[in-house]
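Peer 1: Have a look at this prediction, sequence included:
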Amino acid sequence: MMQQLHLWWVRGTAWLAVLFGQRERAVEIHRELVALAPADASARSGLAHLHAEAGDTAAAVREFERLLELDPSSADDWFNLGFLHDKRDEMAAAERCFDRAVQLQDSLDRAWYGLGLVRVRLGRLAEAVEAFKRNVKLQPMSPYGYFQLAMTYQYLGRPDDAWRVHHQLLQFEPKFAATLKRDLLKVASADPPRETILAAEGRTT
């Protein structure tokens, strides 16, 4: 009973530290909470997010990995881990995490978006198109998926598809569509990087 009361007191102290922006103190308290209750997913999640906000991505990755050891079925935690790997330019690891997230929760639109971005950076543009198409289907009023889908079509040498997506975006986000139009024209008037041409053809150097 006393241990349970102590846990509740530590939780309350951690919440107040976060509320008042005392980030370093909040990290210390969350570490104490995790030490007291190693299987407490809420405490580990809080600690992971605090590390991420502080820019300590290595520590945040470790905490999300431990969270997934506790519950490997958490699509949100797989997404968060993928996001951190992406920030660390660990593209293969990011792709694995995003892919696992959408396997667990097919409707997780942000994981499809992340998967698309990672596959663009990996040079797998045709696969990126499919990921962005899923994102757009799940978030039909968010301009970001449309933008990335159109640009990926353009890099693939499919301008008709790119401009079709631009027309769709124009219907509800004209300002965003204007930016997309500018970038599509810029890409169309320039020679794409050799890496992009090879990726579009499914080849590597």
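Peer 2: Cool, got the structure. Numbering: from 1, shown residues only.
Peer 1: What's the local residue count around Ala92?
Peer 2: 10 (other CB atoms under 10 Å). C-beta: built from backbone N, CA, C; applies to glycine.
Peer 1: whoops, I mixed them up, Leu156
Peer 2: 19.
Peer 1: same deal with Glu65?
Peer 2: When neighbours are defined as other CB under 10 Å, Glu65 has 14 of them.
Peer 1: That one - nearest residue in space that isn't next to it in sequence?
Peer 2: Leaving out its chain neighbours, the residue that sits closest to Glu65 by CB to CB, 6 or more residues apart in numbering is Leu81, at 6.8 Å.
Peer 1: wouldn't that neighbour be in contact with Arg62 here?
Peer 2: No - using CB atoms under 8 Å, Leu81 makes no contact with Arg62, being 10.1 Å away.
Peer 1: The two: which has the busier surroundings?
Peer 2: Leu81 (26 against 16).
Peer 1: Please, which helix or strand holds that one?
Peer 2: helix 75-87 (DSSP states H and E).
Peer 1: Show which residues not belonging to that helix make contact with it.
Peer 2: With CB atoms under 8 Å, 6 or more residues apart in numbering as the test, helix 75-87 has contacts from 45, 48, 52, 57, 60-61, 64-65, 67-68, 71, 91, 93-98, 100-102, 104-105, 108, 110-111, 114, 117-118.
Peer 1: change it to 7 Å
Peer 2: Under the criterion CB atoms under 7 Å, 6 or more residues apart in numbering, residues 52, 57, 60-61, 64-65, 67-68, 93-94, 97-98, 100-101, 104-105, 108, 110-111, 114, 118 lie in contact with helix 75-87.
Peer 1: In helices, which of these fall?
Peer 2: 52, 57, 60-61, 64-65, 67-68, 93-94, 97-98, 100-101, 104, 110-111, 114, 118 (DSSP state H).
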